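**Student:** Provided below are the primary sequence and the corresponding predicted coordinates.
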Amino acid sequence: MKKFSILLWSFLAITAAISCSDDDEQLFIDQPDSQLSFRSQAASSYILTFDTRANLAERLVWNTPSFDTPISVNYEVQASADPNNFDDAVTVTTTNGDSADLSVERLNELSAELGLTPFSEGVIAMRIVGTTADNDMDPLVSDVLILPVTPYTTDSPRLYVPGNYAEASGYGSNWNPGDDETPFLEAVEFGSTEYEGFIFMANESPEFKFTPGRTFDDAFGEGDDDDSLSTDGGNLSVDGPGYYYITVNTDPNGDGDFSDATWSAADRQWGIIGQATTPTNSAGWGDELDMTYDPDSKQWSVNLDMEAGEFKFRAQTWDFPTANFGQGDDGDNDLEFNAGNLAVENPGSYRAVLDLSTPRNYSYELIAQ
């Protein structure tokens with residue numbers, strides 16, 4: 001009997017100890033004695049550039065809540081474009097520590113994920129959310145840190161071309177670089193200052209400017225010479241209505257100074273030429289069959305009979321490499337300036353469609369009738 005009593009008391013003591021331990025654990029998880037909050041402060045602005053992408057943009061540091069008994073807390077750094085709404089927040093990183101480093105490149109990636117506009121200042125709101133292994137415990141949420149960020153892009157740069165011609169030519173509202181329908185020129189690659197594109201101008205006296213963004217900030221207007229540009233010049237113009245191939249080089253000598261910027265515009269009226277066009281175009285390679293431009297579709301087209309053979313698209317002359325299109329390298333319907341002949345295998349009636357509406361992404365289609 002004595003042995004049984006000793007065993008019973010031992011069992012009760014162990015049970016009490018376990019119960020006490022559970023109560024302590026619950027108390028420690030539910031009642032941190034300090035708050036989760038940022039120690040670091042945001043800079044007045046973060047101007048991000050491709051050249052500094054490997055640099056540290058910001059080190060986020062926060063005060064971690066302390067408990068009577070140590071426990072592991074997982075911290076999730078969240079980012080939002082709206083300081084008052086983190087419902088669709090992007091997870092920046094997770095850690096058990098009290099800090100997180102953000103490189104220029106990572107902050108720029110977050111800017112893109114959150115929809116910030118390149119080269120225009122926006123905000124990224126940061127907060128920390130802490131969780132423990134206890135599913136019954138509410139997450140710990142920090143205050144919000146707001147970073148004023150000006151991101152960059154590695155996409156090919158663009159120049160928008162707002163002007164008085166837009167409404168008459170099927171491009172949305174006049175003099176509005178922020179209009180989604182305002183046409184643009186595009187550079188050959190990221191970092192390039194050489195832009196090109198085709199723009200239709202229907203009115204008698206077209207005027208316009210080139211803007212590097214969706215506002216008139218740093219807009220290029222007329223310079224001292226016919227082919228020069230200036231950021232404080234008046235409106236640019238062309239002689240009259242036409243479908244213009246426009247080129248711009250904002251920094252020809254590559255010194256970062258736009259004072260030597262140049263531009264050109266040449267009217268290009270497109271047609272189809274070649275031996276394959278002879279059933280309708282008896283001139284064959286001697287002259288092109290004119291195509292018609294549609295401002296609504298922003299495409300050139302013509303209906304014709306074709307025989308098996310070769311052809312190209314040409315604008316009145318072989319004198320300039322940019323006045324004819326041949327077979328590109330990016331697919332059967334891709335076009336490149338002054339490239340090899342295109343070909344049709346099956347004779348028949350076709351609708352030939354030429355699409356030059358997207359700079360540096362020119363294409364065509366032969367639609368059997």
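**Tutor:** Cool, the structure landed.

**Student:** how close does Asn203 get to Val248?
**Tutor:** Separation of Asn203 from Val248 (Cβ to Cβ, to the nearest Å) stands at 21 Å. For the C-beta atoms, the positions are set from N, CA and C on the backbone; glycine is no exception.

**Student:** just the helices in the protein please.
**Tutor:** 2-30, 104-113, 166-169 (DSSP state H).

**Student:** Find me the pLDDT at the residue nearest to Glu307 when sequence neighbours are not counted, would you?
**Tutor:** Nearest residue to Glu307, sequence neighbours excluded (Cβ to Cβ, 6 or more residues apart in numbering): Pro347, at 4.5 Å. Per-residue confidence (pLDDT) for Pro347: 98.

**Student:** Report the buried residues of stretch 94-109.
**Tutor:** The neighbour-count check on stretch 94-109 (16 or more other Cβ atoms under 10 Å) flags 100, 102-109 as buried.

**Student:** Put together CSV for the residues you listed, with distance to Asn85 on each row.
**Tutor:** Below are the buried residues of stretch 94-109 laid out as CSV (distance: Cβ to Cβ, whole Å):
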residue, distance to Asn85
Ala100, 22
Leu102, 21
Ser103, 26
Val104, 26
Glu105, 26
Arg106, 22
Leu107, 20
Asn108, 22
Glu109, 21
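
**Student:** Pick the one among those closest to Pro241.
**Tutor:** Set against Pro241, the nearest of those by Cβ to Cβ is Asn108 (41.9 Å).

**Student:** who touches the closest one in this structure?
**Tutor:** For Asn108, the contact set (Cβ atoms under 8 Å, 6 or more residues apart in numbering) comprises 48, 53, 151-152.

**Student:** could you give the mean pLDDT of stretch 60-68?
**Tutor:** Taken as a whole, stretch 60-68 has a mean pLDDT of 87.

**Student:** circling back: for the residue nearest to Glu307, give me its contacts.
**Tutor:** Pro347 is in contact with 279, 305-308, counting by Cβ under 8 Å, 6+ apart.

**Student:** beta partners for Glu336?
**Tutor:** Under DSSP bridges, the beta-bridge partners of Glu336 are Gly326.

**Student:** Identify the residues contacting it.
**Tutor:** Glu336 sits next to 325-329, 362 when contact means Cβ under 8 Å, 6+ apart.

**Student:** Look up how far Lys312 lies from it.
**Tutor:** For Glu336, the distance to Lys312 (Cβ to Cβ) stands at 11 Å.

**Student:** Also Trp270?
**Tutor:** Between Trp270 and Lys312 the distance, using Cβ to Cβ, works out to 11 Å.

**Student:** likewise Glu181?
**Tutor:** Distance, Glu181 to Lys312, by Cβ to Cβ: 30 Å.

**Student:** between the two, which one's more packed in?
**Tutor:** Lys312 (24 against 12; other Cβ atoms under 10 Å).

**Student:** pLDDT weak spots in the stretch 51-200 of the chain?
**Tutor:** Within the stretch 51-200 of the chain, no stretch has pLDDT under 70.

**Student:** If you count residues, where's the longest strand of this protein?
**Tutor:** In terms of residue count, the longest strand belonging to the chain (DSSP state E) is strand 122-131.

**Student:** Find residues that contact each of Glu336 and Lys312.
**Tutor:** Both Glu336 and Lys312 are in contact with 325-326, where contact means Cβ under 8 Å, 6+ apart.

**Student:** quick check, nearest of the contacts of Asn108 to Glu194?
**Tutor:** The shortest approach to Glu194 among the contacts of Asn108 belongs to Tyr152, at 18.8 Å (Cβ to Cβ).

**Student:** which parts of stretch 107-124 are buried?
**Tutor:** Buried residues in stretch 107-124 (16+ other Cβ under 10 Å): 107-111, 114, 116, 118-119, 122-124.

**Student:** With distance to Pro212 added, can I get those residues in CSV?
**Tutor:** What follows is the buried residues of stretch 107-124, written out as CSV (distance: Cβ to Cβ, whole Å):
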residue, distance to Pro212
Leu107, 22
Asn108, 18
Glu109, 22
Leu110, 23
Ser111, 18
Leu114, 22
Leu116, 17
Pro118, 10
Phe119, 7
Gly122, 17
Val123, 22
Ile124, 23
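
**Student:** out of these, who's nearest Ser72?
**Tutor:** Leu110 (26.4 Å).

**Student:** who's in contact with the closest one?
**Tutor:** Contact partners of Leu110, counting by Cβ under 8 Å, 6+ apart, are 79, 90, 92, 102, 124.

**Student:** now do Thr95
**Tutor:** 74-75, 77.

**Student:** Adding distance to Pro295, write those residues out as JSON lines.
**Tutor:** Shown next, in JSON lines, are the contacts of Thr95 (distance: Cβ to Cβ, whole Å):
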{"residue": "Asn74", "distance to Pro295": "57"}
{"residue": "Tyr75", "distance to Pro295": "56"}
{"residue": "Val77", "distance to Pro295": "49"}
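
**Student:** Many thanks, we can stop here.
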